[in-house]
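>>> Quick one, what's the 3D model for this:
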Amino acid sequence: MKVEAMLWIAVFVLAALALLFPKTRAISLSAIGVAIVAIVAIVVIAKRGEPAAVVTAAPTAVDQKPVDFERFHIENLDKADPEAKNRIRVAEIRFDQIRAVAGAERGSIGRIVARLYNDSAIYTLTDYGYDLAVQDCIKAVCTTVFDQHGLSAASVPPGQARDIEIAIRDGNTRELPPIKILGTLSILLTPTVTRAAPAISPKPAD
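As a prediction, this is how the structure comes out:
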């Protein structure tokens, strides 16, 4: 770049000389032409020597799916005891005494409580799946205002019952207002899957 600058200075000086001294104008103009050609040659050579700019595409953002811990837990249960989900039929468990517990805001629902019955005569229930639908009934027309599906742990021996509690989860709707009932509340809670521990064999008598 220093040589190029010097050549441009020379061009300006020669141009001034051509204007001041008409007798040497032809020589000055010839020298100016040579200097301009040299400048162009230097620029071309410099451009060829520059490394080509590597254009790197910005990495596209990868959508990260949230980890489904519930499904992960289910898969671990199935691997640890593949027969667990076959020991108690869904028809052998049931919910009763179902009611809602009020949430923090007036008129809202915070959780559902119920009694879970295990009608199996052999196996202890260890996990249960459920479908929950909360309905708001106005003038005999019921509309589902919330639904939830889940799997929860329990320990209900054969022929017994235990009180359970289901928290109302908001999932990915944390910015939405809480569930409120304007008419009459109706709760539909049904079992979907079961898991049970192996039956304990009685100890032989001494």
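
>>> Other residues contacting stretch 93-101?
Here stretch 93-101 makes contact (Cβ atoms under 8 Å, 6 or more residues apart in numbering) with 109-120, 125, 128, 130, 134, 156, 161, 185, 187, 189-191, 194. C-beta coordinates here come from the backbone N, C-alpha and C atoms, glycine included.

>>> Show me the domain layout of this structure.
2-46, 85-197 (automatic domain parsing).

>>> By mean pLDDT, show me the worst of those domains.
Least confidently modelled of the domains of the chain is domain 2-46, at a mean of 64 by mean pLDDT.

>>> Let me see the ranges of the strands in the chain.
Applying DSSP state E to the chain gives strands spanning 93-102, 109-118, 124-138, 141-156, 161-167, 184-197.

>>> And the fourth one, what's buried?
Going by neighbour count (16 or more other Cβ atoms under 10 Å), the buried part of strand 141-156 is 142, 146, 148, 151, 154, 156.

>>> Check the fifth one too.
When neighbours are counted by 16+ other Cβ under 10 Å, the buried residues of strand 161-167 are found to be 161, 164, 166.

>>> Make a markdown table out of those residues and add distance to residue 200.
Shown next, in a markdown table, are these (distance: Cβ to Cβ, whole Å):
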| residue | distance to residue 200 |
| --- | --- |
| 161 | 20 |
| 164 | 23 |
| 166 | 29 |
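
>>> now, which of those residues sits nearest residue 138?
Nearest to residue 138 among these: residue 166, at 24.1 Å, using Cβ to Cβ.

>>> circling back: rebuild the strands of the chain as CSV, extending it with distance to residue 82.
As requested, the strands of the chain are exported to CSV (distance: least, Cβ to Cβ, whole Å):
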stretch, distance to residue 82
strand 93-102, 20
strand 109-118, 21
strand 124-138, 14
strand 141-156, 16
strand 161-167, 25
strand 184-197, 11
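
>>> Which one, of those strands, ends up nearest to residue 87?
Nearest of these (Cβ to Cβ): strand 184-197, 3.9 Å.

>>> List the neighbouring strands of the closest one plus their orientation.
strand 124-138 (antiparallel) (DSSP bridges).

>>> tell me the angle of the partner strand relative to strand 93-102?
50 degrees (axes from the mean of the first three to the mean of the last three Cα atoms, to 10 degrees).

>>> got the angle between strand 124-138 and strand 161-167?
Using the same axes, to 10 degrees: strand 124-138 against strand 161-167 is 50 degrees.

>>> got the buried residues for strand 124-138?
Buried-residue list, strand 124-138, by 16+ other Cβ under 10 Å: 124-130, 132-136.

>>> Stretch 88-107 too?
Those would be 88, 92-95, 100, for stretch 88-107 by 16+ other Cβ under 10 Å.
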